[in-house]
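1. Okay, structure incoming, though there's no sequence with it:
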């Protein structure tokens, strides 16, 4: 890496400045940005093609790509290095700086291995969009990353699973007499019983093809709720049966929310405004689900054996998926299908309190 040519910010290419505004460079986020105007008869087709480009990745993913590129570009400018064209030596130095904390500014903590992996993937994506692919297998990157993993990798920190008794206690912290309380009850119950991701919960519409940003819809049937989703692994159907009582039934909770909120079209879960008396048309952000789980879990005293500060870090939207996987006493295949996992091994990662020694190979081997 000693042969890297240093450049001043004035001498370095200015392409990285394109990502310094808003959510990122339009030419990166939209490769169909052309240098010359299209004929009038092709403009509508180009607009549709740009829409397909947007649909290729989620808004959260695009924001993360833009944020990571901005972080890298800022580090390059501070270090008098060029971010373009892609240079494996520069990227190797950058990931080393992330691992040491120097890439994040004075007094900042080093990035975790998972964060560094994500930033490297973001750089590869950004370079590819510019038609200048980065080879992450180059020895200047691959060897450094192997050393970072060996030196800093730690077991993944898993969020706490909320079990059925926890969900019931969390529901009791919500006011059944308000629209916000009805909405939050429905989100907790459908998220838990369906094993849904927080993004999947808020992306649901009341019916099929009602909004452009919707990624699924619900159908209320006699036996339960059928949820059709476009998730990370493609389209899938999730069957949510009725509960043993109205108080814990996700279908009843959804029906109550729709009835009292007077929602018949559009996003299923929306903001409640006007001191909790008015339902807006705007779809909830996925972060609201995480805040709801955290707030109600703390209010219900879940994991009260832990210090307050530590408890606050234990819960997130994933606590609902982990709770279903950990508590559903059925064949593992059904849980795997409900969560939309491609492998049973991934499902087992969600099973926080499963019987780990149900199969004792030591005794089975004769010892």
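-> Received it, and whenever you're ready, just let me know what you need. These numbers were taken from a predicted model, which means no experiment stands behind them.

2. Could you pull out the strands in the chain for me?
-> Counting by DSSP state E, residue ranges of the strands within the chain are 204-205, 216-220, 224-231, 234-241, 270-273, 278-283.

3. okay if I get these as TSV plus mean neighbour count?
-> (C-beta placed from N, C-alpha, C; glycine too.) Rendered in TSV, the data for the strands of the chain read as follows (neighbours: other Cβ atoms under 10 Å):
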stretch	mean neighbour count
strand 204-205	22
strand 216-220	18
strand 224-231	19
strand 234-241	15
strand 270-273	17
strand 278-283	14
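
4. and of the ones you listed, who's closest to residue 111?
-> strand 224-231 (27.7 Å; Cβ to Cβ).

5. List the buried residues in stretch 126-141.
-> 126-127, 129-130, 134, 136, 138, 140-141 (16 or more other Cβ atoms under 10 Å).

6. Low-confidence regions, the stretch 251-367 of the chain specifically.
-> The stretch 251-367 of the chain contains residues with pLDDT under 70 at 352-359.

7. again, only using 80
-> Low-confidence segments of the stretch 251-367 of the chain (pLDDT under 80): 274-276, 329, 341-342, 344-361, 363, 367.

8. in it, which spans are helices?
-> According to DSSP state H, counting those that start in this stretch, the stretch 251-367 of the chain carries its helices in the segments 286-299, 308-312, 318-327, 332-339, 344-350, 361-364.

9. so of those, which one's packed in deepest?
-> helix 318-327 (a mean of 24; mean count of other Cβ atoms under 10 Å).

10. related to what we said a few turns ago, what is the most widely separated pair among the buried residues of stretch 126-141?
-> Pairwise distances across the buried residues of stretch 126-141 peak at 21.9 Å for 129 and 140 (criterion: Cβ to Cβ).

11. Now distance to residue 242 too, for the helices of the stretch 251-367 of the chain, in JSON lines please.
-> Supplementary listing: those in JSON lines, determined by distance: least, Cβ to Cβ, whole Å:
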{"stretch": "helix 286-299", "distance to residue 242": "22"}
{"stretch": "helix 308-312", "distance to residue 242": "32"}
{"stretch": "helix 318-327", "distance to residue 242": "16"}
{"stretch": "helix 332-339", "distance to residue 242": "16"}
{"stretch": "helix 344-350", "distance to residue 242": "24"}
{"stretch": "helix 361-364", "distance to residue 242": "40"}
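
12. Number of residues surrounding residue 245?
-> Other residues within reach of residue 245, judged by other Cβ atoms under 10 Å, total 8.
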